[in-house]
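# Provided below for reference: sequence and predicted model.
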Amino acid sequence: QVQLVESGGGLVQAGGSLRLSCAASIRSFGNYAMGWFRQAPGKEREFVAVISWNGGSTYYTDSVKGRFTVSRDNAKNMGFLQMNSLKAEDTAVYYCAVSRMLLGIRRHEYELWGQGTQVTVSS
């Protein structure tokens, strides 16, 4: 079954860290860029970070630069989002997705999405 499954979310205090994982059950995972998006209650789903197919390039939204790190392990069909120095405003459901674009940042550029994992940061 073709799917993406996120894990690693939870409740953390402000200033803490979490590491999200994305397990990909798709053929040729290494041919896709992998992105992370998030959606807070009452808000649109927004871009967070993306990593190119080979891990050679990354791009982040300004609000997470220097705090979040995106990575991948193509041999294991896995993607990761390391989140440090978490803030209350990082609270959201986080989604991983795959794209044929080199470094897509728009939702419509992604063709397969996971179900999401909740991240809650208490202040």
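Sure thing, it's come through.
# List the beta-bridge partners for L11.
The partner list for L11 in beta bridges (DSSP bridges) reads T120.
# Burial check on it, number of neighbours?
L11 sits with 12 neighbouring residues when counted by other C-beta atoms under 10 Å. Glycine gets a C-beta too; all of them are placed from N, C-alpha and C.
# excluding its backbone neighbours, what's nearest the most centrally placed residue in the chain?
Closest to where the C-alpha atoms of the chain average out (C-alpha atoms, centre = their mean) is W36, at 2.5 Å. Sequence neighbours aside, V48 is the residue nearest to W36 in space, at 4.4 Å (criterion: C-beta to C-beta, 6 or more residues apart in numbering).
# Now E89: phi and psi?
Backbone geometry at E89, expressed as degrees, to the nearest 10, gives phi -70, psi -10.
# With H108 instead?
Dihedral pair for H108: phi -70, psi -10, per degrees, to the nearest 10.
# Over to R107?
phi -60, psi -40.
# roughly how far apart are it and V48?
The gap separating R107 from V48 is 12 Å, by C-beta to C-beta, to the nearest Å.
# so what's the closest residue to L18 other than its chain neighbours up against?
In space, and not counting its chain neighbours, L18 is closest to M83: 5.0 Å by C-beta to C-beta, 6+ apart. With contact set as C-beta atoms under 8 Å, 6 or more residues apart in numbering, M83 has these partners: 17-20, 64, 67-68, 90, 119.
# which ones among the residues you listed are found in strands?
Counting by DSSP state E, the contacts of M83 place 18-20, 68, 119 in strands.
# hmm, back to that, more neighbours, R107 and V48?
V48 (24 against 16).
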